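Novice: I would like the atomic coordinates for the input below:
(chains A, B, C and D)
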2 protein chains.
Amino acid sequence: MSKNIFHILAVDDDDRIRDLVKQYLEENNFIVTTAQNAKDAKEKLEIIKFDIIILDIMMPGESGLMLTKEVKKNMNVPIILLTAKGETRNRVEGLEFGADDYLAKPFEPKELLLRIKNILNKVQKPILPEEIHIGSSVINLKKLNIKRKNETKKINPQEKKILEKMLKYPGKVFSRNDIGKIINIAKERTIDVVITRLRQKIEYDPKNPKYLQTIRGEGYVLWIE
Amino acid sequence: MSKNIFHILAVDDDDRIRDLVKQYLEENNFIVTTAQNAKDAKEKLEIIKFDIIILDIMMPGESGLMLTKEVKKNMNVPIILLTAKGETRNRVEGLEFGADDYLAKPFEPKELLLRIKNILNKVQKPILPEEIHIGSSVINLKKLNIKRKNETKKINPQEKKILEKMLKYPGKVFSRNDIGKIINIAKERTIDVVITRLRQKIEYDPKNPKYLQTIRGEGYVLWIE
DNA sequence: AATTTTTTTATGGAACCCATACCTTTTGAT
DNA sequence: ATCAAAAGGTATGGGTTCCATAAAAAAATT
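Specialist: Purely as a prediction, here's the structure:
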């Protein structure tokens, strides 16, 4: 795994909690940035790429909820909500908006750390939806198939691995080297072949690929759109 | 609801957790009996009828797993497993043996309570309906038969066990190893054969299975829908 | 003992993986 | 604009692993 320093944004209007979180997490080798309110948080979100946001939902105004909503819509950074003490899972607003976990106040820092780690583990494998639509194809990585019209084609293990990776980063160019690492192949021509076959399964017109495209001299990209 | 006092058996070798669970659940009007190990638990199970067992899977020896297996075979009391912290649903061994839920350590007592209530609600209505429709087949696990058109085929004991488990987790991939544990078989080829015969009974076109599918290199899945 | 169920084994075949050869397209130098 | 070189596409084939299943033996039930 390439990255192992994580940057966390802690948003809370209560100084004590902000400081507590900051200190504890820094002791545990995270980089922590704090924000006092939603506005402050948004500004920082525009500048820095965070790995996790810890957000007190009970800040003045409905700003906590709104922020959750916005973040999930625009950038999809994992969010842990800090909630009032009575709240149970079913009650926590904000989970609807896509928050990843919650923690009722008062909490033990250790508990927070645990949830952070939990999420970071999941983040490795961002959760892909069961069905991914690409053009007129529907990719189902669990059922290992791709449907187009009435045809259903199977996805083999190699293809699965590649799709998983590329679907996680649509628009990112994968060099042959990158792909080689994913499926453990060295020869360039071989990788071409694998891509070709994938195209047969995804594209409407494999000769003029619309989604799984070649970037000459660089590699391949997958566009979902 | 006829019964409204429930008796819970908490099995854990860790005193602190045992006491925590006992105290918390008693505060919430359950009767709680504790056991330190599988042997202890089994003795108590012979004397008392419990409504739920809470079982630490990580006790010395594989005793936790074995206990799950035995309980499910002989008396089918709902079981909640306490698992190591990393475990995700797909990873938790023991669910194959029929455990009803699991909770990763460390857990909040409140969360445990929630799951207990959850299970007690379900217990009323048997988890699997009497008749399960799969494609044009109707599986009746009580009458031990499968009907298609005018044909009625018998389900044998092995097949029943497999169906019960797989029907509980449709879409979950069961490795041959998993299935082996369910019906107590080691040889892979043997399991193939069992699956093949199950297909004959479930599928419209057993050679092109639609519901009981092979995942090459991984195992088998059952899709209901 | 008869029947059903379970297990083993052997065999064929499917799916997969990798590489290569040959072809087409793109690029850039002239 | 032409042409050679570079880059990419793909049909094909062989090796390999993995799986399905028939057939029959063994075990368990009735």
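
Novice: okay, CA-based contacts and neighbour counts for the rest of this
Specialist: Will do.

Novice: Please report the distance of the residue of chain A found nearest DNA strand C from residue B:175.
Specialist: Residue nearest to DNA strand C within chain A (Cα to the nearest atom of the strand): residue A:156, separated by 3.8 Å. Taking Cα to Cα, to the nearest Å as the measure, residue A:156 falls 17 Å from residue B:175.

Novice: likewise residue A:79?
Specialist: Taking Cα to Cα as the measure, residue A:79 falls 34 Å from residue B:175.

Novice: For these two, indicate the residue with more neighbours.
Specialist: Neighbours per residue, other Cα atoms under 10 Å in any protein chain shown: of residue A:79 and residue B:175, the larger number sits with residue A:79, 26 against 17.

Novice: For the more buried one, list each beta-bridge partner.
Specialist: Beta-bridge pairing of residue A:79 under DSSP bridges involves residue A:53.

Novice: Just list the residues touching it, thanks.
Specialist: Contact analysis of residue A:79 by Cα atoms under 8 Å, 6 or more residues apart in numbering or on different chains lists A:52, A:53, A:54, A:55, A:68, A:99, A:100, A:101.

Novice: Go through the residues you listed and single out the one with the most neighbours.
Specialist: Within the contacts of residue A:79, neighbour counts (other Cα under 10 Å) peak at residue A:55, which reaches 29 neighbours.

Novice: Now do the SS call for that residue.
Specialist: What DSSP: H, G, I helix; E, B strand; the rest coil gives for residue A:55 is strand.

Novice: same deal with residue A:161?
Specialist: Assignment for residue A:161 (three-state DSSP): helix.

Novice: what's the burial count for it?
Specialist: Here the number of neighbours of residue A:161 (other Cα under 10 Å) works out to 16.

Novice: My read is that it contacts residue A:183, right?
Specialist: Yes. Residue A:161 lies in contact with residue A:183 (Cα atoms under 8 Å); the separation is 7.0 Å.

Novice: Kindly provide the distance from the residue of chain A closest to DNA strand C to residue B:217.
Specialist: Relative to residue B:217, and taking Cα to Cα, residue A:156 is found at 10 Å.

Novice: which of these two has more neighbours?
Specialist: A side-by-side neighbour count of residue A:156 and residue B:217, using other Cα under 10 Å, places residue A:156 first with 13 against 9.

Novice: ok, the more buried one touching residue A:144?
Specialist: Yes. In this structure, residue A:156 is within contact of residue A:144 by Cα under 8 Å, at 7.3 Å.

Novice: What's the separation between residue A:39 and residue B:41?
Specialist: Applying Cα to Cα to residue A:39 and residue B:41 gives a distance of 56 Å.

Novice: Now do the same contact list for residue A:32.
Specialist: With Cα under 8 Å, 6+ apart, residue A:32 has these contacts: A:7, A:8, A:9, A:10, A:22, A:25, A:26.

Novice: so what's the third one bridging to?
Specialist: If I follow you right, that is residue A:9. Beta-bridge partners, per DSSP bridges, of residue A:9: residue A:33, residue A:53.

Novice: Just the pLDDT at it, thanks.
Specialist: On pLDDT, residue A:9 comes in at 94.

Novice: Does anything pack onto the lowest-mean-pLDDT helix or strand in chain A? Which helices or strands?
Specialist: Ranked by mean pLDDT, DSSP states H and E, the helix or strand of chain A with the weakest confidence is helix A:109-124, at a mean of 74. Secondary-structure packing of helix A:109-124 (3 or more Cα pairs under 8 Å, 6 or more residues apart in numbering or on different chains; DSSP states H and E): helix A:15-27.

Novice: In the sheet, which strands lie alongside the helix or strand encompassing residue A:152, parallel or antiparallel?
Specialist: Residue A:152 is part of strand A:151-154, with elements assigned from DSSP states H and E. Applying DSSP bridges, strand A:151-154 is found paired with strand A:145-148 (antiparallel).

Novice: quick one: the partner strand near DNA strand C?
Specialist: No. Strand A:145-148 does not reach DNA strand C (Cα under 7 Å from any atom of the strand); its nearest approach is 9.8 Å.

Novice: Name the residues that touch that strand?
Specialist: With Cα under 8 Å, 6+ apart as the criterion, strand A:145-148 contacts A:136, A:137, A:138, A:139, A:140, A:152, A:153, A:154, A:155, A:201, A:202.

Novice: okay if I get these as TSV plus pLDDT and neighbour count?
Specialist: Below are the contacts of strand A:145-148 laid out as TSV (pLDDT from 0 to 100; neighbours: other Cα atoms under 10 Å in any protein chain shown):
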residue	pLDDT	neighbour count
A:136	87	12
A:137	91	19
A:138	93	18
A:139	93	25
A:140	91	19
A:152	88	15
A:153	90	15
A:154	91	17
A:155	92	20
A:201	91	22
A:202	91	25
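
Novice: Many thanks, I have nothing further to ask.
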